[in-house]
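In: have a look at this fold, sequence not included:
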DNA sequence: ATTTGTTTAAAACAAATGTTTAAAACAAAT
DNA sequence: ATTTGTTTTAAACATTTGTTTTAAACAAAT
């Protein structure tokens, strides 16, 4: 925890850690206050309610990464290169925050509106320009006829799902955090190859 | 709800529905009792605690499907056919219980031990015989050199992840439950083709 | 020095939680 | 008919929950 952090920042820092680890309902406001070393009532003073604090943190956690990734998808990169970079950046992002996938899935599961009604919704799961690119390449005969929706879902699944079952993978292979990251690093190329060969005419 | 169901069965039925929909912490024992139309204390009478009831239900929900799928993986089917059947049966199972993925991921996330220490653990995520088969085919030059661990993870990701983000997919494409199922049905062949082309030497 | 607006603290609040108790209702057996 | 063991009920239990209240501490401005 940073030293000169304001009360507000301390609350966000602690709450973010706890919400990522344990989710909304398993985290109590007293635990947040205790970790942030502030009085309980300050949470309500700065964020009105636990719920609003949670929504603030959702935006912080999802907003930045997803819009950064959207940039790649919407760029003018050549298809193969775009896919390669997207996989790479996405995985790097998740390695640096391995709890993010489970967090998003948890929220998505018990209060989907919190995510779908988000300003950043379409950053999270939209493919318009990318879809056009796939269709174009398909028309030109460069790649197999491909449903962009399904292809993007394949890509997302291959990238994100392993993080959702991290503990299962670690348990089975007796991995620690670092070994897991190495295992995931290997997937960059594997996922790329898998997707590219699925596109070959 | 069945008519002649015993109290114990009524509790399990109601609790299963609620745990699947809302998870452990968002479900109260009073809600379970109310839906099952029984007295609150009967829950403790039959299952000692909410926690033990939850574990009972985890076993019921995960046990059967996963061991059934394990059978396919451990069979003597030829590789391509085995993959095809595995995808098909897995997806059929998830279509008939679309909340299962999110449920397992939620449990896996906040109390991994509940799953990894399960009797059915290895049914959930083990690949020994399948791995040997892949290695054998690889040695014979029939398929590309492939890490079985990564390949199985690919397969699992492609199959299961879409169910974890069901609400996102539905929201984006304005799907209802049936349209989602159709979308997923299409994936059987797509996933098969994707995986098979990734194996081609 | 006093007033002002802001931030922090301690205590209390009402509501909800999982669980236990103690007695009643019930069915089966003697 | 009475005892026995099982099942069900209503009430209370002790904690914990998120939130609010009230007042104190603080800093800045007049």
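Out: Good, I have the coordinates. Keep in mind that what you see is a predicted model, and the values were worked out from it rather than measured.
In: wait, doesn't residue A:196 sit right on residue A:82?
Out: No. Applying Cβ atoms under 8 Å as the test, residue A:196 and residue A:82 come out as separate, 11.6 Å apart. C-beta here means a position set from N, CA and C on the backbone, and glycine is covered the same way.
In: what's the first helix or strand after the strand or helix carrying residue A:83?
Out: In this structure, residue A:83 sits in helix A:79-96 according to DSSP states H and E. Downstream of helix A:79-96, the next assigned helix or strand under DSSP H and E is helix A:100-110.
In: do that following helix and chain B meet?
Out: Yes. For helix A:100-110, a contact with chain B is found by Cβ under 8 Å from any Cβ of the partner chain, at A:102, A:105-106, A:108-110.
In: which stretches of chain A form helices?
Out: A:7-22, A:29-36, A:40-47, A:50-73, A:79-96, A:100-110, A:113-116, A:121-124, A:128-139, A:148-164, A:166-173, A:177-199 (DSSP state H).
In: buried set for the fifth one?
Out: Yep, that's helix A:79-96 we're talking about. A:79, A:82-91, A:93-94 (16 or more other Cβ atoms under 10 Å in any protein chain shown).
In: again with the longest one
Out: Residues A:50, A:53-58, A:61-62, A:65-66, A:69-70, A:72-73 are the ones in helix A:50-73 that count as buried (16+ other Cβ under 10 Å).
In: likewise for the first one?
Out: Judged by neighbour count using 16+ other Cβ under 10 Å, the buried positions of helix A:7-22 are A:10-20, A:22.
In: ok so, going back, the helices of chain A: which one's closest to residue B:136?
Out: helix A:177-199 (20.1 Å; Cβ to Cβ).
In: who touches that closest one?
Out: A:80, A:83-84, A:87-88, A:91, A:94-95, A:98, A:143-144, A:146, A:151, A:154-155, A:158-159, A:162-163, A:166, A:169-170, A:173, A:175, B:147, B:149-150, B:153-154, B:193-195, B:197-198, B:200 (Cβ atoms under 8 Å, 6 or more residues apart in numbering or on different chains).
In: what residues does chain A put near DNA strand C?
Out: Within chain A, the positions near DNA strand C by Cβ under 7 Å from any atom of the strand are A:7, A:38-42, A:45.
In: filter those down to the buried ones, ChimeraX style.
Out: Buried members of the residues of chain A next to DNA strand C can be picked out in ChimeraX with the line below, counting by 16+ other Cβ under 10 Å:
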select /A:38,42
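In: of the residues of chain A next to DNA strand C, list those near DNA strand D.
Out: A:40-41.
In: any chance of the residues of chain A next to DNA strand C in TSV, plus distance to residue B:182 and pLDDT?
Out: Listed next are the residues of chain A next to DNA strand C as TSV, based on distance: Cβ to Cβ, whole Å; pLDDT from 0 to 100:
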residue	distance to residue B:182	pLDDT
A:7	51	92
A:38	51	96
A:39	54	96
A:40	50	96
A:41	52	96
A:42	51	96
A:45	50	96
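In: greatest separation within the residues of chain A next to DNA strand C: which pair is it?
Out: Pairwise over the residues of chain A next to DNA strand C, using Cβ to Cβ, the maximum falls at A:7 and A:40, 12.4 Å.
In: before we move on, back to that, what's the angle from the helix holding residue A:83 to helix A:100-110?
Out: Helix A:79-96 runs at 90 degrees relative to helix A:100-110, counting by axes from the mean of the first three to the mean of the last three Cα atoms, to 10 degrees.
In: break chain A into its domains for me.
Out: As recorded under automatic domain parsing, the domains making up chain A are A:1-48, A:62-199.
In: CSV for these, including distance to residue B:118?
Out: What follows is these, written out as CSV (distance: least, Cβ to Cβ, whole Å):
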stretch, distance to residue B:118
domain A:1-48, 21
domain A:62-199, 11
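In: residues touching the spatially closest residue to residue A:130 that is not a sequence neighbour, list them.
Out: Nearest non-adjacent residue to residue A:130, counting by Cβ to Cβ, 6 or more residues apart in numbering or on different chains: residue A:73, 4.8 Å away. Contact analysis of residue A:73 by Cβ under 8 Å, 6+ apart lists A:82, A:86, A:127, A:129-130.
In: and the gap between residue A:73 and residue A:85?
Out: Separation of residue A:73 from residue A:85 (Cβ to Cβ, to the nearest Å) stands at 10 Å.
In: if we can go back for a sec, now the helices of chain A as JSON lines including distance to residue B:32?
Out: Listed next are the helices of chain A as JSON lines, based on distance: least, Cβ to Cβ, whole Å:
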{"stretch": "helix A:7-22", "distance to residue B:32": "23"}
{"stretch": "helix A:29-36", "distance to residue B:32": "26"}
{"stretch": "helix A:40-47", "distance to residue B:32": "31"}
{"stretch": "helix A:50-73", "distance to residue B:32": "24"}
{"stretch": "helix A:79-96", "distance to residue B:32": "36"}
{"stretch": "helix A:100-110", "distance to residue B:32": "17"}
{"stretch": "helix A:113-116", "distance to residue B:32": "25"}
{"stretch": "helix A:121-124", "distance to residue B:32": "34"}
{"stretch": "helix A:128-139", "distance to residue B:32": "44"}
{"stretch": "helix A:148-164", "distance to residue B:32": "27"}
{"stretch": "helix A:166-173", "distance to residue B:32": "27"}
{"stretch": "helix A:177-199", "distance to residue B:32": "36"}
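In: which one of those helices has the lowest average pLDDT?
Out: Here the helices of chain A differ in mean pLDDT, and the lowest is helix A:121-124 at a mean of 68.
In: count the neighbours of the closest residue to residue A:172 other than its chain neighbours for me.
Out: Leaving aside its chain neighbours, residue A:172 sits nearest to residue B:125 (5.9 Å; criterion: Cβ to Cβ, 6+ apart). Neighbours of residue B:125 under the rule other Cβ atoms under 10 Å in any protein chain shown: 18.
In: look up phi and psi at residue B:125.
Out: Taking degrees, to the nearest 10, you get phi -160, psi 70 for the backbone angles of residue B:125.
In: how about residue A:127?
Out: phi -140, psi 20.
In: separation between the closest residue to residue A:53 other than its chain neighbours and residue A:29?
Out: Excluding the flanking residues, the one nearest residue A:53 by Cβ to Cβ, 6+ apart is residue A:47, at 3.9 Å. Separation of residue A:47 from residue A:29 (Cβ to Cβ) stands at 10 Å.
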